[in-house]
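Visitor: Sequence and predicted structure below; questions after.
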Amino acid sequence: MSALHVAREHGVTRLTLDRPPLNVLGPDLIEAIGAECRALASDRDVRVVVLAGAGRAFSAGVDVGVMRDLDVTGARAFIDRLRATIRALEEVPVPTIARLHGHVLGGALELTLACDLRIAADSCRLGMPEITVGIPSVIQAALLPGLVGWGRTIELLLGGQPVEAREAERWGLVNRAVDESRLDGEVEAWVARLRALPPDAVRLQKALLTRWRRVDVDTAVALSTDVFARAYATGEPKRAMQAFLDRRHASA
């Protein structure tokens, strides 16, 4: 039985980690997530992707039992596999939402940092505890200084202690922290908003956001102006702007 459930409906693909009790990430689950994300790259029907965890937690992170017995060669192969999956998730061509509850630790937090939006229940605890088991935090941890600042990054990576969801929201580590009872409603509100937007424009903006993380400002601006012009080849600007003008005229 697969530890990754995939559901597709009305342009929304939902990827749910399901390895009780805490959805730890072993090689098979990491590979399954990567394979699904790579398949999404060619799916023109998908509009939004939601990544979630079943049961008590989103995920307590990578399986320590697997990592314990690695040698140098095995460690490099393992981390390269995780890196490839995270990159595949980051490069999904449509908005990705991480639905977070319970523990979100280590490699699991790295997965969520590859998503565009992170919506957390206020009971959620997020952290990078790798240093407590003798290894550094890597891959998406490199994005943390730009996201939460150097001081908070040092707290997370050298301290190894998790942060509560409300504090994570203040830091900018998650976009929203809400009561547990409101978690699904908040996620679905974002799904509905994203599905209502012009799909080609959303894909173009997502591609820009992904590139901006890896280039200097001048290159980012040059990429932006080129994509702005190319947007008109889709025909969406004319249709969307005419709809806007029609609504304004009707309400005048």
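Guide: Here it is on my side, so go on. This structure is a prediction, so every number in the text was calculated from the model and none was measured. Numbering: from 1, shown residues only.

Visitor: only C-alpha atoms for contact and neighbour calcs from this point on.
Guide: Noted.

Visitor: Let me see the mean pLDDT of stretch 195-215.
Guide: Averaged across stretch 195-215, pLDDT comes to 95.

Visitor: Let me fix that, I meant to ask about stretch 147-157.
Guide: Here the average pLDDT along stretch 147-157 is 97.

Visitor: where does Ala52 fall, phi/psi-wise?
Guide: Main-chain torsions, Ala52, degrees, to the nearest 10: phi -140, psi 170.

Visitor: show me what contacts it?
Guide: Neighbour list for Ala52: 14-17, 58, 98-100 [criterion: Cα atoms under 8 Å, 6 or more residues apart in numbering].

Visitor: at 7 Å instead, please
Guide: 15-17, 58, 98-100 (Cα atoms under 7 Å, 6 or more residues apart in numbering).

Visitor: what are the ranges of the helices in the stretch 51-200 of the chain?
Guide: 64-68, 72-90, 107-113, 144-148, 150-154, 165-171, 183-196, 199-212 (DSSP state H, counting those that start in this stretch).

Visitor: among those, which is nearest Ala252?
Guide: helix 183-196 (23.5 Å; Cα to Cα).

Visitor: Compute the inter-axis angle for the closest one and helix 199-212.
Guide: If you take axes from the mean of the first three to the mean of the last three Cα atoms, to 10 degrees, helix 183-196 sits at 110 degrees to helix 199-212.

Visitor: Next, report how far helix 183-196 is displaced from the centre of its chain.
Guide: Remark: helix 183-196 is offset 15 Å from the chain centroid, using Cα atoms, centre = their mean, to the nearest Å.

Visitor: can you check stretch 25-32 too?
Guide: For stretch 25-32, the distance to the chain centre is 17 Å (Cα atoms, centre = their mean).

Visitor: Which residues does it contact?
Guide: So stretch 25-32 is contacted by 3-4, 61-63, 82, 85 (Cα under 7 Å, 6+ apart).

Visitor: rerun that using 8 Å as the cut-off
Guide: 3-4, 59, 61-63, 66, 78, 81-82, 85, 107-108.

Visitor: Please apply the same query to stretch 208-228.
Guide: Contacts for stretch 208-228 (Cα under 8 Å, 6+ apart): 90-91, 204.

Visitor: Would you mind listing the buried residues in it?
Guide: 208-212, 220, 224, 227 (16 or more other Cα atoms under 10 Å).

Visitor: from the residues you listed, which single one is nearest Arg170?
Guide: Distances from Arg170 to the buried residues of stretch 208-228, taken by Cα to Cα, are shortest for Leu209, at 22.1 Å.

Visitor: what's the spacing between the closest one and Val174?
Guide: 17 Å (Cα to Cα, to the nearest Å).

Visitor: Is Asp18 in contact with Ala3, as I believe?
Guide: Yes. Between Asp18 and Ala3 there is a contact under Cα atoms under 8 Å: 4.8 Å.

Visitor: name the element Ala7 belongs to?
Guide: Ala7 is part of strand 4-9, with elements assigned from DSSP states H and E.

Visitor: could you say what helices and strands that strand packs with?
Guide: Counting contacts by 3 or more Cα pairs under 8 Å, 6 or more residues apart in numbering; DSSP states H and E, strand 4-9 packs against strand 12-17, helix 27-40.

Visitor: middle-most residue in the chain, spatially?
Guide: Among the residues of the chain, Cys115 comes closest to the average C-alpha position under Cα atoms, centre = their mean, at 1.3 Å.
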